[in-house]
Each structure stands twice: as C-alpha cells, then as structure tokens.
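1. sequence first, then the predicted structure:
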Amino acid sequence: MSKQAAPRTQVIPKSPDAAVNGTLWRFCRTCRRSYQLERPNQRDCPRCKGSKARVIAWAQRHQTDLFPTPEPTPPPERPTIQQRFEAWLEAEPRTWALIREYAYQYLEVWLRRENGRRIGIDLIVSRVRWECEVQRAFDEPFKINNDFRSRISRKLIDEDKRFAELFEIREVKTP
C-alpha cells in the first residue's frame, strides 16, 4: 500500500501584505477577503474592483442624509444688565435703602475732609453685604450681583451730583 501525499492546501494570510510560497497576497478591507497580487504595484481588489478612494467616492454619491444636522437656533433673548438691575431695584427696596444710607454716610465724611480719597462702589456694596450677613438685618437671604455695581454708582450720581466727585466711573461697555 503506497501512501499518497495529501493535497496541499494554500494558506491565505489575513495581514495587509504577505508572501506565501513566493506569491504576494493582499487583504482587501472593502470585501474583507485576501487576493493574490497579479503584479507588485496592484492596488485594486479583483473581486470588488475598487480601491478605497473609489469606494469612498461611491459612498458619497449614494449617501442619504440619515442624520440631518438641525438648523441652528438663535440663543434665547437675555435681558440686559440694565433691565436686570431695574428688576432688582423693584425686588430689593430695603437693600437699595441701605446702599443709599451708607453712601450718604461716607459722602458726609468725605466732604468734611475736603481732600478725601475717592472710593469705589464696591466698598459700599461690601459693607451692605457684611451688615446684612453679620448683623442679620434681613430675615430672608438677599443677593447683590456684582454686575450691578456700576449701575448703582450711576444711580447714586443721578440722585445727587455730589457723588460724581466721590465715585470714579467709566464708560458703559454693555447695555
């Protein structure tokens, strides 16, 4: 009994470029199969007949808008700082009364000194915060937004022109 040799099966590689038994093989990422190169610089798979660039071009030509981008919506209208300040004045009349009281106290001291230093409105706002927090002047909590400081000093100057010498104000950049 003679032994016959079993037919050799050819191993097909899964790597992008490989040589098996002296022949070059390449793995096609489009059709997910290996193919034997007919020439060394061959790029296209003989089964799917497409290079990556052609496959991408075909996909772009036949692409449907599965996930359309929504139209940009404009941001919601925010009230201006001046509008928020006016609403705060209506909501916090006791706080405004304290600010005026402390501003007039400092104005009297400043006028007596004749050459007193100018101050910032932050000094008065900080005193109101301290008084209301430490002295518990109000039962419910309150807030003074730092955005309102310039508006507070301008309102004080509108009420009494002597505050113009006390406070240094700059040009308003935001409405």
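-> Right, received. Where do you want to start?
2. what residues go with each domain of this protein?
-> Per automatic domain parsing, the domain ranges recorded for the chain read 12-48, 81-166.
3. quick one: closest of these to residue 173.
-> With C-beta to C-beta, the closest approach to residue 173 among the domains of the chain belongs to domain 81-166: 9.5 Å. Yep, even glycine has a C-beta here, placed from its N, CA and C like the rest.
4. mean confidence for the closest one?
-> Per-residue pLDDT over domain 81-166 has a mean of 86.
5. got the end-to-end distance for it?
-> 23 Å (C-alpha to C-alpha, to the nearest Å).
6. going forward, the N-terminal residue is numbered 185.
-> Happy to do that; since the first residue is 185 now, the last one works out to domain 265-350.
7. could I get the domains of the chain as TSV with distance to residue 257 and mean neighbour count?
-> Shown next, in TSV, are the domains of the chain (distance: least, C-beta to C-beta, whole Å; neighbours: other C-beta atoms under 10 Å):
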stretch	distance to residue 257	mean neighbour count
domain 196-232	40	13
domain 265-350	22	14
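8. which among the ones you listed is found nearest to residue 245?
-> So among the domains of the chain, domain 196-232 is nearest, using C-beta to C-beta, at 15.8 Å.
9. and the pLDDT at the closest residue to residue 230 other than its chain neighbours?
-> Leaving aside its sequence neighbours, residue 230 sits nearest to residue 219 (C-beta to C-beta, 6 or more residues apart in numbering; 5.7 Å). pLDDT, residue 219: 74.
10. assumed residue 219 was part of a strand.
-> Yes. If the criterion is DSSP: H, G, I helix; E, B strand; the rest coil, then residue 219 is within a strand.
11. can you tell me how far it is from residue 231?
-> According to C-beta to C-beta, to the nearest Å, residue 219 stands 7 Å off from residue 231.
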